[in-house]
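Enquirer: Give the three-dimensional model of this entry:
(2 chains)
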Amino acid sequence: MDNFGELLHGFSIAITVPHLVLMVVGVLLGILVGVLPGLGAPNGVSLLLPLTFGMQPVSAIILLSSMYWGALFGGSVTSILFNIPGEPSSVATTFDGYPMARDGRPTTALATAFGSAAFGALVGVILITFLASWVAQVALAFGPAEYFAVYFLAFASFVGMGGAAPSKTLVALAIGFAIAAIGIDTVSGSVRLTMGVDELVKGVNFVVAVMGLFGIGELLVAVEEEFHARAVSTKIEWREVFRAIGRLPRHSVALLRSAAIGCWMGITPGGPTAASFMSYGIARRFSRRGKYFGAGEVEGIISPETADHAAGTSALLPMLSLGIPGSATAAVMMGGLMIWGLNPGPMLFVDQKDFVWGLIASMYVGNIVAVALVLLTVPVFAALMRIPFVIIAPLIVIICVVGAYSVSNSYLDVVMMLGFGIVGYLFKKLFYPLAPLVLAIVIGDKAEDAFRQSMLMSKGSLGIFFANKLVTCLIVAGITLLLLPLVLQLPRLWRKPASAATGTTAQEKAQETAQETAREKVII
Amino acid sequence: MISRRALELATAILTGSFGVAVVVSSLDNGIGWSSAGVDAGTFPFLTGIIIVLGSLYNLVRGVLPATALANVPIAITPIELRRLAGLFVPAAIFVAAIPLAGMYVASSLYVFAVLAIPKYQSVPRALAMAAATALALYAVFERMFQVSLPHGALAAALGF
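Expert: Next comes the predicted model:
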C-alpha cells in the first residue's frame, strides 16, 4: 500500500519531541477554549493563527489541529458536568450526559463520551488516510468548471442539509460571498464594494469576522442567560474509566452508525453540530431503549459524541484534497494554509507530502494525546468554570479585540469585529447559520475565480457546467440539494390536516417540540 | 422587551440593506460579459440579488405569524436587554477609547471599570486584575510575539 508507507513517513514527522510538545500545548489550549463559553474552536484557531506565521507549516497545522481536537473534547466536559455546552456541537451530549452525571455517575458519562469520541475521530482519520489521496488524485484532473461544481455542491448541501431555515442559510452564504468580494478583484484588478472606505481595499480578513461572529456574538448570547455553573462531582475514578470504555464494544452498532453519520456530515459540509443532532435523533428512533433517552442512557452519549468527532475529523478531508473546508474551524485552518503559502487542494498531495502525511499521522497521535489529557485535566478545567462569568467576559472581549487588531495592525478591523459581533448575536438569536458565512468568506474568491475561468473557457456559455458526466452529476446533485427543503415541505403541507385528525399523543408532541426548539437553538 | 418578530424584521432589513448596497456598488464595476470575460461586478451583483431576495422572504416570514415563531414570541426580555447592554456598551466604549488611550491603558481601564463599578470585585482586586491584564498583553504581544499593539495618541503625546 502506497498510503501506508506515506503514513509511516508521516509518523516519523509527527512523533518528534517538538511536535509532541506542540500537540500537548494545542490540546490544552483547545480544551481551554472548548470549556470557556464564548470562545470556541473557530475563535481559538484564529487567535493562534498569527502566532504560527513564523513556524514550519507542518508544525503550525499540528498545533492548530490539536487545538481543534482539544476544543471538541473540552466542549463535552462542560456539557456533561455543568449542562452547559462549551461548543455548539456538544449540545446533544447534554441530553443524556448531564442526567447520567447528575445521577452520580460522572466518571462513567465522561469516559463513555471520550471513548466514543476517540472512536469517532479514529474512524474519521482512517477515512482520511485511505480516501484523501484518492480524492486528491481524482481532483487533479479537475478543471475550473469541475471546481466550481464542487463548490456549488458544498454550498448547496449547507442549504439542503444544514438544518437551519434554507432562506436564512442562503442569505448567510450570500453575505459571506459579498464580504469575500470586498477589496481588489484578483482577476481584473479593479476595486470592489469598498463603499467609499479606502481602507477596505485590502479586503475583510476572515479572522476579523470569526472573532466577531463567534467570539463577541457568542458572548452576547451567553450573557443573556445568567448562568450558574453548578457542577456535579468532578472526581475521576480511574477504575470506572476503564470499565466504561470496556463496555463500549457492546454498543458497536450505535458506534458504527454514528461514525458513519459523522463522516458523511463532515465530508459534505453539514458540520459536527448537525451531525451530532442527526445521530442522536436516529439513535433514539432505532434503539431498543429509545424511550429512556434523555434520562442518562449510554447510547444517548455515544451517538452524538461519536458523530461529533467523526464529523470534526473528516471535515479536514475535503479541505486537504479539494480545498473546501467541511466546517467553520476547518475553514479557518484553510485560511491559515493559504497564509503559510500552501495551496489547499489536490496539489498538496503532490508537492507537500510531508505536510499532508505529517498532519494525518498527527491526527492519530493528537487524538490519543487529547483523550489522555482531557481525562487528567477534568478537575482543573471544571474548577475554571467556577470563575464568575463577569470576570471571564471582559477578558474574552479583550482577547477578541487584540486578536482582530493583530491580523493586520488596523484599528478599522477592531471596529468591524465589533460590528460582526452584533451580526453574530442577531444571527445566533434568530437561527441564521454562521458556518456557511465564514466558509463563504474564506473560499468565496476561489469559487468566483473558478466560475469566471470556466466562463472564459466557454466564452460565456453556461453549457460548460453540463459538458461532461462528472460536472453534470455534481451540478445536478447540487441543484437537488438546493431544492430538497422545498420537496420536503410538500408532504408536510399535505399531511397537515390528516395529522390533526389522527393526532399523536400530547406528551409525544410536547417532547418533540422541545427537542426541535433545542435543535433549532444550536444549529449554527 | 423586544419581540421575536421585531428582531426578525430588524435583521432582515439589516441584511437586505447590505444586499442593496452590494448591488448598487457592484454596478460600478460593470455586470455581464465583456471582452475580458465576466465583468468584475457580476458575481457580487448576483450575491447581492440573492441577499435582497432572501431578506425579503425572511422579512415576510418574520411578519407572518408562522408556527415556528409562535413558541418563542419574546426574543429579549428587559432583564436580558440590560445584561446585553452591560456587556456591550462598556466593550464599545473600550474599542472607541483605543485610538486615544492605546490598547494597554484602555484595556486595563476597561477591566477595572466592569469589575469595580458594578461592585463585582473590591477596588484593590479590580486594580490588580487591571494591571495584570495590561502586563500580560505586553508580555505576550510586545515581547514574545513582537506584535506592536497601538499605544494611543495619549502615549504619543507623552513621548512613548
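
Enquirer: Let's check: the centremost residue of the chain is which one?
Expert: Using chain A here. For chain A, residue A:327 is the residue whose C-alpha lies nearest the centre (CA atoms, centre = their mean; 3.7 Å).

Enquirer: My question was about chain B, not that one.
Expert: residue B:92 (8.5 Å).

Enquirer: Test my guess that that residue contacts residue A:421.
Expert: No: in this structure, residue B:92 sits apart from residue A:421 without contact. The criterion is CB atoms under 8 Å, and the distance is 9.5 Å. All C-beta atoms are positioned from the backbone trio N, CA, C, and that covers glycine.

Enquirer: before we move on, back to that, got a list of what the residue nearest to the centre of chain B touches?
Expert: The contact partners of residue B:92, by CB atoms under 8 Å, 6 or more residues apart in numbering or on different chains, come to residue A:418.

Enquirer: can you check the one 10 residues further on too?
Expert: The neighbourhood of residue B:102, defined by CB under 8 Å, 6+ apart, consists of B:149, B:150, B:151, B:152, B:153, B:154, B:155.

Enquirer: So which of those residues are in strands?
Expert: Filtering the contacts of residue B:102 for membership in strands, criterion DSSP state E, returns an empty set.

Enquirer: Mind putting the residues you listed into JSON lines with pLDDT, distance to chain A and neighbour count?
Expert: Formatted as JSON lines, the contacts of residue B:102 follow (pLDDT from 0 to 100; distance: CB to the nearest CB, whole Å; neighbours: other CB atoms under 10 Å in any protein chain shown):
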{"residue": "B:149", "pLDDT": "83", "distance to chain A": "7", "neighbour count": "21"}
{"residue": "B:150", "pLDDT": "85", "distance to chain A": "7", "neighbour count": "20"}
{"residue": "B:151", "pLDDT": "84", "distance to chain A": "12", "neighbour count": "16"}
{"residue": "B:152", "pLDDT": "82", "distance to chain A": "10", "neighbour count": "20"}
{"residue": "B:153", "pLDDT": "81", "distance to chain A": "12", "neighbour count": "12"}
{"residue": "B:154", "pLDDT": "79", "distance to chain A": "15", "neighbour count": "15"}
{"residue": "B:155", "pLDDT": "77", "distance to chain A": "15", "neighbour count": "16"}
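
Enquirer: hang on, the earlier thing: ok so the residue nearest to the centre of chain B is a helix residue?
Expert: Yes: assigned with DSSP: H, G, I helix; E, B strand; the rest coil, residue B:92 falls within a helix.

Enquirer: From residue A:419, how far off is it?
Expert: 10 Å (CB to CB, to the nearest Å).

Enquirer: And the strands in chain B?
Expert: Remark: strands assigned in chain B by DSSP E are B:2-3, B:33-34, B:37-38, B:74-76.

Enquirer: sorry, that was for the stretch 51-200 of chain A
Expert: For the stretch 51-200 of chain A, the strands defined by DSSP state E, counting those that start in this stretch occupy A:183-184, A:191-192.

Enquirer: Any chance you could list what contacts the last one?
Expert: Pointing back at strand A:191-192 there. Applying CB under 8 Å, 6+ apart, the contact partners of strand A:191-192 are A:181, A:182, A:183, A:184, A:185, A:201, B:25, B:26, B:29, B:40, B:41, B:44.

Enquirer: which residue sits closest to residue B:87, ignoring its sequence neighbours?
Expert: Nearest in space to residue B:87, with sequence neighbours left out and distances taken as CB to CB, 6 or more residues apart in numbering or on different chains, is residue A:223 at 4.6 Å.

Enquirer: That neighbour: how many residues sit nearby?
Expert: 22 (other CB atoms under 10 Å in any protein chain shown).

Enquirer: Quick check: it touching residue A:392?
Expert: No: taking contacts as CB under 8 Å, residue A:223 lies outside contact range of residue A:392: 10.3 Å.

Enquirer: which residues touch residue A:139?
Expert: The neighbourhood of residue A:139, defined by CB under 8 Å, 6+ apart, consists of A:146, A:150, A:321, A:322, A:345, A:346.

Enquirer: please redo it, this time with the cut-off set to 6 Å
Expert: Applying CB atoms under 6 Å, 6 or more residues apart in numbering or on different chains, one finds that residue A:139 lies in contact with A:322, A:346.

Enquirer: Look up how far chain B lies from it.
Expert: Note on residue A:139: its distance to chain B, by CB to the nearest CB, to the nearest Å, is 23 Å.

Enquirer: pLDDT wise, what is that residue at?
Expert: Each residue has a pLDDT score; the one for residue A:139 is 88.

Enquirer: can you give me the helices for the stretch 301-450 of chain A?
Expert: Under the criterion DSSP state H, counting those that start in this stretch, the stretch 301-450 of chain A carries helices at the ranges A:316-322, A:328-339, A:348-351, A:353-384, A:389-408, A:411-429, A:435-457.

Enquirer: Which stretch among the strands of chain B is buried most, on average?
Expert: strand B:37-38 (a mean of 20; mean count of other CB atoms under 10 Å in any protein chain shown).

Enquirer: ok, back up a step: now, of the strands of the stretch 51-200 of chain A, which is deepest in the fold?
Expert: When those are compared using mean count of other CB under 10 Å, strand A:191-192 is most buried, at a mean of 20.

Enquirer: partners of that strand in the sheet?
Expert: Each strand pairing with strand A:191-192, determined using DSSP bridges, is listed with its direction: strand A:183-184 (antiparallel).

Enquirer: from the chain's centre, how far out does stretch A:273-280 sit?
Expert: Its chain's average C-alpha position is 12 Å from that of stretch A:273-280, according to CA atoms, centre = their mean, to the nearest Å.

Enquirer: And stretch A:366-385, by the same measure?
Expert: Relative to the mean C-alpha coordinate of its chain, stretch A:366-385 is positioned 20 Å out (CA atoms, centre = their mean).

Enquirer: And for stretch A:126-139?
Expert: Average the C-alpha atoms of stretch A:126-139, do the same for its chain, and the two points are 20 Å apart (CA atoms, centre = their mean).

Enquirer: Next one: the closest residue to residue B:123 other than its chain neighbours, what pLDDT does it get?
Expert: The shortest distance from residue B:123 to any non-neighbouring residue, by CB to CB, 6+ apart, is to residue B:116 (5.3 Å). As summarised for this prediction, residue B:116 has a pLDDT of 88.

Enquirer: Also residue B:110?
Expert: In this model, residue B:110 is scored at 94, pLDDT.

Enquirer: any low-confidence regions in the chain?
Expert: Let's take chain A. Low-confidence regions of chain A, defined here as pLDDT under 70, cover residues A:1, A:38, A:226-234, A:493, A:495-524.

Enquirer: Please refer instead to chain B.
Expert: Looking along chain B with the criterion set at pLDDT under 70, you get B:65-73, B:159-160.

Enquirer: residue with max distance from the center of it?
Expert: Residue farthest from the centre of chain B, counting by CA atoms, centre = their mean, is residue B:35 at 40.7 Å.

Enquirer: how about that one, phi and psi?
Expert: With angles defined as degrees, to the nearest 10, residue B:35 shows backbone torsions of phi -60, psi -30.

Enquirer: Buried members of the contacts of strand A:191-192 into ChimeraX, please.
Expert: Filtering the contacts of strand A:191-192 down to the buried ones (16 or more other CB atoms under 10 Å in any protein chain shown) takes a single ChimeraX command:
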select /A:181,182,183,185 /B:25,26,29,40,41,44
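
Enquirer: Fine, thanks again, bye for now.
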